[in-house]
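Participant: Output the structure for:
(4 chains)
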Number of protein chains: 2
Amino acid sequence: MAERDAKRIPDATVARLPIYLRSLLELAADTLTVSSEQLADSAGVNAAKVRKDLSYLGSYGTRGVGYDVEYLQNQMRRALGLTHDWPVVIVGIGNLGAALANYGGFGDRGYPVAALVDADPAVVGKRFGDLVVESADRLAEVVAAHDINIGVITTPAAAAQTVADELTAAGVRSILNFAPTVISVPEGVSLRKVDLAVEMQILSFYQQRMG
Amino acid sequence: MAERDAKRIPDATVARLPIYLRSLLELAADTLTVSSEQLADSAGVNAAKVRKDLSYLGSYGTRGVGYDVEYLQNQMRRALGLTHDWPVVIVGIGNLGAALANYGGFGDRGYPVAALVDADPAVVGKRFGDLVVESADRLAEVVAAHDINIGVITTPAAAAQTVADELTAAGVRSILNFAPTVISVPEGVSLRKVDLAVEMQILSFYQQRMG
DNA sequence: GCGGCTTTGTGACCGCGTGCACGAGCGTCG
DNA sequence: CGACGCTCGTGCACGCGGTCACAAAGCCGC
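Facilitator: Residues are numbered from 1 along each chain as shown, chains lettered A, B, ... in the order given. This is a model prediction of the structure:
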């Protein structure tokens, strides 16, 4: 009770938790328990891995039966911090940024888009739903005003590092980078990247190989 | 010469090659050679790792000097299959699909968007640049007509597996999946996934943890 | 042409993550 | 109430990937 979940959860496990949670949510509403094998099938992984992953949550399955679906959902939501919303700011409202702004799926899942920011005066002031694009020099204010902890970078590559610096300076501790460039962040800030060109090149590498 | 590059390149290395290539392209045009340490800095990795990665290409650096930039670029392009274009088809022209269709960056980098496909009759026929959205039931024809090897799935989750099946049946061997669901593909087909909700949840996990 | 400087290439070690296999517990049925 | 069957939890071994450190090798200046 004192040290609670002191156990460190491996990164590889963390990356799978959201998949498990989604699998759980897709189960029929009258499904009370689920076995590690069912979960494994639906998440596309090994059953032993599922059990080991879940054991890190300290969550309890029942031998001979499986896991209580609702309890497991709650444990997972708690671990992933989905007990409350995490407002995000999208910086760089080009093609991709605009698409993300219009995409409703974020708010639904606990990540409401709280603000849009762009450096281009021609874009500032545009409406997306009930949001208006703010000027880049107001970034720090915006972050503070909405208590934002997560920043999404969808600027051109050249601006990405600067934006990342401004975000972290404003107190943002988590960044999702779509810009096609390597950016660095201070210790204690989480950075994840999505790079379409890289993904394509990885695919064509293997395609090439297989002849 | 006979067995050529028989050496297997580790997956982790493959994933870094595109980053190195981009770093090389960003170097000033009058830079003739580059050291593993320079590359490491600009790619955000360890210098020893760079050397080991490059050694898999069989490519040759010169001790005391570094790597010949142009030669290395060519080697890398060859390995990644960038010696010719890889036309792609985008399936599912919603917010994200449309954004990718409008995004010019693909064609520039050797992955021209050759076709757009959607199941919704209200979307079929819309123009994006010089492309017109085709009907989903023409997917196989479209793939064959443009000799497409790479498919990008930007449909809702429910349709993703079906689309993946149709793509592989049509001969596509590489799939990039943006739909928020796990899909499975036959042996011999490469699958990469980009899942925004998962990325967000991973970020909020760590944010949560650090308090 | 020789010594020193620089930078590559790689062998060795280490830690993480994966998969297997089995013991431990729980429910159920006769 | 006892035995059986099911499923979890986990110890163990293995392989991949990352890091370090050092020897090999090319270049330059004298």
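Participant: Only C-alpha atoms from now on, for both contacts and neighbour counts.
Facilitator: Fine.
Participant: Provide a list of residues in contact with the closest residue to A:Arg173 other than its chain neighbours.
Facilitator: Take A:Arg173 and drop its neighbours on the chain: the residue closest to it by C-alpha to C-alpha, 6 or more residues apart in numbering or on different chains is A:Val189, 4.6 Å away. Contacts were defined as C-alpha atoms under 8 Å, 6 or more residues apart in numbering or on different chains; by that measure A:Val189 touches A:168, A:172-175.
Participant: And A:Val189, how close does it get to B:Leu203?
Facilitator: In this structure, A:Val189 and B:Leu203 are separated by 10 Å, where distance is defined by C-alpha to C-alpha, to the nearest Å.
Participant: joint contacts of those two?
Facilitator: Among the neighbours of A:Val189, those also in contact with B:Leu203 (C-alpha under 8 Å, 6+ apart) are A:174-175.
Participant: follow-up on the earlier one: can I get the contacts of A:Val189 in a markdown table including pLDDT, distance to B:Val14 and secondary structure?
Facilitator: Written out in a markdown table, the entries for the contacts of A:Val189 read as follows (pLDDT from 0 to 100; distance: C-alpha to C-alpha, whole Å; DSSP: H, G, I helix; E, B strand; the rest coil):
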| residue | pLDDT | distance to B:Val14 | secondary structure |
| --- | --- | --- | --- |
| A:Thr168 | 98 | 30 | helix |
| A:Val172 | 98 | 31 | coil |
| A:Arg173 | 97 | 29 | coil |
| A:Ser174 | 98 | 26 | strand |
| A:Ile175 | 98 | 24 | strand |
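Participant: Close to DNA strand D: what parts of chain A are there?
Facilitator: Proximity of chain A to DNA strand D is assessed by C-alpha under 7 Å from any atom of the strand, with A:34-37, A:48, A:51-52, A:54-55, A:59-67 identified as the residues in range.
Participant: Of those, which belong to helices?
Facilitator: Of the residues of chain A next to DNA strand D, the ones assigned to helices by DSSP state H are A:36-37, A:48, A:51-52, A:54-55.
Participant: quick one: which of those residues is nearest to DNA strand C?
Facilitator: For DNA strand C, the nearest member of these is A:Ala48. The distance, counting by C-alpha to the nearest atom of the strand, is 5.0 Å.
Participant: Restricting to C-alpha, output the helix or strand encompassing A:Thr13 in PDB.
Facilitator: When elements are defined using DSSP states H and E, A:Thr13 is found to belong to helix A:11-26. The C-alpha atoms that make up helix A:11-26 are tabulated as PDB, following Å, rounded to 0.1, in the frame of the first residue of the first chain:
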ATOM      1  CA  ASP A  11       8.300   0.600 -22.300                       C
ATOM      2  CA  ALA A  12       7.300  -2.200 -24.600                       C
ATOM      3  CA  THR A  13       4.400  -3.000 -22.300                       C
ATOM      4  CA  VAL A  14       3.300   0.600 -22.100                       C
ATOM      5  CA  ALA A  15       3.100   0.700 -25.800                       C
ATOM      6  CA  ARG A  16       0.700  -2.300 -25.800                       C
ATOM      7  CA  LEU A  17      -1.600  -1.100 -23.000                       C
ATOM      8  CA  PRO A  18      -3.600   1.100 -25.300                       C
ATOM      9  CA  ILE A  19      -4.100  -1.800 -27.700                       C
ATOM     10  CA  TYR A  20      -5.400  -4.000 -24.900                       C
ATOM     11  CA  LEU A  21      -7.700  -1.300 -23.700                       C
ATOM     12  CA  ARG A  22      -9.200  -0.900 -27.100                       C
ATOM     13  CA  SER A  23      -9.700  -4.600 -27.400                       C
ATOM     14  CA  LEU A  24     -11.500  -4.600 -24.100                       C
ATOM     15  CA  LEU A  25     -13.800  -1.800 -25.200                       C
ATOM     16  CA  GLU A  26     -14.600  -3.700 -28.400                       C
END
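Participant: what about that helix and chain B, touching?
Facilitator: Yes. Against chain B, helix A:11-26 shows contacts by C-alpha under 8 Å from any C-alpha of the partner chain at A:14-15, A:18-19.
Participant: Which among those count as buried?
Facilitator: The neighbour count (16 or more other C-alpha atoms under 10 Å in any protein chain shown) marks A:14-15, A:18-19 as buried among these.
Participant: wait, which of those residues is closest to A:Tyr103?
Facilitator: A:Pro18 (19.3 Å; C-alpha to C-alpha).
Participant: show me the contacts for that closest one.
Facilitator: For A:Pro18, the contact set (C-alpha under 8 Å, 6+ apart) comprises A:80, B:198, B:201-202.
Participant: Pipe those residues into TSV and attach neighbour count and secondary structure per row.
Facilitator: Written out in TSV, the entries for the contacts of A:Pro18 read as follows (neighbours: other C-alpha atoms under 10 Å in any protein chain shown; DSSP: H, G, I helix; E, B strand; the rest coil):
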residue	neighbour count	secondary structure
A:Leu80	23	coil
B:Val198	19	helix
B:Gln201	25	helix
B:Ile202	23	helix
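Participant: ok, A:Leu24 - how many residues close by?
Facilitator: Neighbouring residues of A:Leu24 were enumerated by other C-alpha atoms under 10 Å in any protein chain shown; the total is 22.
Participant: Now do it against A:Glu134, distance only.
Facilitator: Look at A:Leu24 and A:Glu134: by C-alpha to C-alpha, they are 38 Å apart.
Participant: what does A:Gly188 give?
Facilitator: 27 Å.
Participant: Which pLDDT value belongs to A:Ala6?
Facilitator: Residue-level confidence at A:Ala6 comes out at 52, pLDDT.
Participant: Then A:Pro180?
Facilitator: What the model reports for A:Pro180 is a pLDDT of 96.
Participant: Tell me the secondary structure at it.
Facilitator: For A:Pro180, the secondary-structure state derived from DSSP: H, G, I helix; E, B strand; the rest coil is coil.
Participant: By mean pLDDT, which helix or strand of chain A comes out lowest?
Facilitator: Scoring the helices and strands of chain A by mean pLDDT, DSSP states H and E places helix A:105-108 at the bottom, with a mean of 73.
Participant: In stretch A:27-46, which of the residues would be classed as buried?
Facilitator: Along stretch A:27-46, these residues count as buried under the neighbour rule (16+ other C-alpha under 10 Å): A:33-37, A:39-40, A:42-43.
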